[in-house]
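K.L.:
sequence and predicted structure, then a few things I'm wondering about:
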Amino acid sequence: MNDVPGDMFYTESHEWVKMDDEIATIGISDHAQGQLGDVVFVELPEVGDAFTAGDPCAVVESVKAASDIYAPISGEVVEVNELLENAPETINDDAYGEGWLFRIKADDPSEVDGLMSAESYVEVNSED
Amino acid sequence: MSRKTPFYQAHIDAAARMVDFGGWGLPINYGSQIDEHHTVRNAAGMFDVSHMTVVEIKGKDARVFLSKLLANDIAKLQEPGKALYSCMLNSEGGIIDDLITYYLTETHFRMVVNAATHDKDMAWLEKQVGGYEVTVNERKDLAMLAVQGPDARQKTANILNAEDAESALALSVFQAAQIGDLFIARTGYTGEDGFEIMLPADAAIVLWNKLLNEQVKPCGLGARDTLRLEAGMNLYGQDMDETTSPYVSALAWTVALKNEREFIGRSALLAQKEAGLKQKLVGLVLEGRGVLRPYQNLVNEAGAIVGETTSGSFSPTLEKAIAMARVDRDIVDHCLVDIRGRKLPVRLVKMPFARKGRVCDGILD
């Protein structure tokens, strides 16, 4: 839990959000990929899908289990990570970088202020 | 607080991700369970299976006791060291557990049963003793390690002295022998060649470290599950239980009915056959993308439920999702699986899916 990027926001369900103006890139934390184990399949939303914060919007499946991904903030999907279709293990290799899941155009970029900072995320998960 | 096996510290030292499994602290993986899976198919891996229950059946009536207790026929064991896979049934023909029995001497058989069923197995065994001159005793002093893969036997032999190595390598499939401190059996739960080794708990770490030196890779419960699934081996509590008989669990081959032997469950099994079996346990391959899991519904084109998956996972060897499923007997070739509301085609196949390092014939199109 030492290398959680400081320039991202985090949810209790282990998604991360990185804001670039109104565009939010979303993935799962390194802690989450470690818990899941080898990722073998990712079901992503379609470009144009609209979600409200908290909606289930993707599924990441490891050999072990299927895990729902929830929209951290509200908005419309503008891009999905096509790389994951053939190389889902990228999430294990680089959860905070190449293993991103999808990008949404935020309805309200300030919604991320309600999420956790890196420090809070580390603190919440340090009991594991 | 989970119970610790004699290998516990070795798991921690190998940076295992530990989980509770039937009350025991065991490794789910040591990093990548897919890597561990491939290592067992292509080289050699080792699994701590000390959580499994070892039971000594001793006494003058040991053989007749087992003849009544097991659905498979203990009379098949005539050569000391030979092992038999069998179900232990209740009087309704339901499976109490599946197990392996080793024939050591006429007054001594050794049985290995599942960890999750420990309490009910021990209670059942003790209850069945009745008037037989037999004792049933659990060996809590033993550790157990499964060394599996095409290189497993040779790597194990490498850590033994010349004489013991020769004895170990001479074991035939499903045969065991006490070799020095080690009880070595040429059995396993992966579909690969290899050994399952029982030894005194205080010698466990030494054995582990010697095998580590031989580049035998530690493997966790995750890889063990995908390996046994590919090998078409049932998991108790998942693919079968007390409500299912061997006939609907793809285990008819383990039921010995040919002679008049009266074993527990026999009359129920005969009645089931007479009435006609309605279901069967089959292998499934998902043709498209996705992952099969336990408890997914199987449906026909009309949308009617025709069965349910019992085990399911991504198969590292096939690089496709595979499953075991209990389906209506008249389902052949293919049906549909319901994954989160989407109906995807699955193909019925004859198990195993993969063994001896490769995909079995007829599994891939």
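P.N.:
Nice, thanks for sending it over.

K.L.:
distance check, the spatially most central residue of chain B against residue B:225.
P.N.:
Central residue of chain B (Cα atoms, centre = their mean): residue B:189, 4.7 Å from the mean position. Distance from residue B:189 to residue B:225, counting by Cβ to Cβ, to the nearest Å: 10 Å. C-beta: built from backbone N, CA, C; applies to glycine.

K.L.:
and the residue nearest to the centre of chain B, its phi and psi?
P.N.:
When quoted as degrees, to the nearest 10, the phi and psi of residue B:189 stand at phi -140, psi 40.

K.L.:
that one and residue B:230 touch, don't they?
P.N.:
No. Residue B:189 lies out of contact with residue B:230 (Cβ atoms under 8 Å); the separation is 11.2 Å.

K.L.:
and the host helix or strand of residue A:76, how far out from the chain's middle?
P.N.:
Using DSSP states H and E, residue A:76 maps to strand A:75-80. Centre-to-centre, strand A:75-80 and its host chain are 13 Å apart (Cα atoms, centre = their mean, to the nearest Å).

K.L.:
next: stretch A:24-44.
P.N.:
On Cα atoms, centre = their mean, the centre of stretch A:24-44 falls 7 Å from that of its chain.

K.L.:
for the residue nearest to residue B:134 when sequence neighbours are not counted, list the residues it contacts.
P.N.:
Taking Cβ to Cβ, 6 or more residues apart in numbering or on different chains, and ignoring the residues beside it in sequence, residue B:134 has residue B:59 as its nearest neighbour in space, at 3.9 Å. When contacts are counted by Cβ atoms under 8 Å, 6 or more residues apart in numbering or on different chains, residue B:59 touches B:65, B:107, B:132, B:133, B:134, B:135.

K.L.:
next, work out how far apart the third one and chain A are.
P.N.:
Between residue B:132 and chain A the computed distance is 44 Å (Cβ to the nearest Cβ, to the nearest Å).

K.L.:
the closest residue to that residue other than its chain neighbours: neighbour count?
P.N.:
Distances taken as Cβ to Cβ, 6+ apart place residue B:61 nearest to residue B:132, at 4.2 Å, with adjacent residues excluded. By other Cβ atoms under 10 Å in any protein chain shown, 17 other residues sit near residue B:61.

K.L.:
buried stuff in stretch B:45-60?
P.N.:
The neighbour-count check on stretch B:45-60 (16 or more other Cβ atoms under 10 Å in any protein chain shown) flags B:45-59 as buried.

K.L.:
contacting residues for residue 104?
P.N.:
Just going to use chain A. Per Cβ under 8 Å, 6+ apart, neighbours of residue A:104: A:23, A:24, A:26, A:51, A:71, A:73, A:75, A:76, A:77, A:78.

K.L.:
my bad, the chain I had in mind was chain B
P.N.:
Applying Cβ under 8 Å, 6+ apart, the residues near residue B:104 are B:80, B:81, B:110.

K.L.:
how far away is the last one from chain A?
P.N.:
According to Cβ to the nearest Cβ, residue B:110 stands 33 Å off from chain A.

K.L.:
just confirm that residue contacts residue B:54, I think it does.
P.N.:
Yes. Counting by Cβ under 8 Å, residue B:110 does reach residue B:54; the two are 6.6 Å apart.

K.L.:
can you pull the contacts of residue B:109?
P.N.:
B:56, B:57, B:58, B:62, B:63, B:66, B:74, B:101, B:102, B:103.

K.L.:
hmm, 10 Å instead?
P.N.:
Going by Cβ atoms under 10 Å, 6 or more residues apart in numbering or on different chains, residue B:109 touches B:55-59, B:62-63, B:65-66, B:74, B:77, B:84, B:101-103, B:134.

K.L.:
and the closest residue to chain A within the stretch 51-200 of chain B, which of the three is it?
P.N.:
The nearest approach of the stretch 51-200 of chain B to chain A comes at residue B:190, 15.4 Å away (Cβ to the nearest Cβ). Using DSSP: H, G, I helix; E, B strand; the rest coil, the structure places residue B:190 in coil.

K.L.:
wouldn't residue B:163 be in contact with residue B:169 here?
P.N.:
No. Using Cβ atoms under 10 Å, residue B:163 makes no contact with residue B:169, being 11.2 Å away.

K.L.:
who has more neighbours, these two?
P.N.:
The residue with more neighbours, out of residue B:163 and residue B:169, is residue B:169; 13 against 10, by other Cβ under 10 Å.

K.L.:
quick check: chain neighbours aside, which residue is closest to that one?
P.N.:
residue B:157 (5.2 Å).

K.L.:
how about the strands in chain A?
P.N.:
Under the criterion DSSP state E, strands of chain A are mapped to A:9-10, A:15-20, A:23-28, A:39-43, A:50-51, A:56-62, A:66-70, A:75-80, A:102-106.

K.L.:
and the ones you listed as CSV, adding mean pLDDT?
P.N.:
Listed next are those as CSV, based on pLDDT from 0 to 100:
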stretch, mean pLDDT
strand A:9-10, 97
strand A:15-20, 96
strand A:23-28, 98
strand A:39-43, 96
strand A:50-51, 97
strand A:56-62, 96
strand A:66-70, 96
strand A:75-80, 98
strand A:102-106, 97
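
K.L.:
ok, residue 101 - how many residues close by?
P.N.:
As the question left the chain open, I've gone with chain A. 22.

K.L.:
actually chain B
P.N.:
25.

K.L.:
tell me the contacts of it?
P.N.:
Per Cβ under 10 Å, 6+ apart, neighbours of residue B:101: B:55, B:57, B:62, B:66, B:69-70, B:72, B:74, B:77, B:82-86, B:88, B:109-113.

K.L.:
give me the most central residue, chain A.
P.N.:
residue A:27 (2.3 Å).
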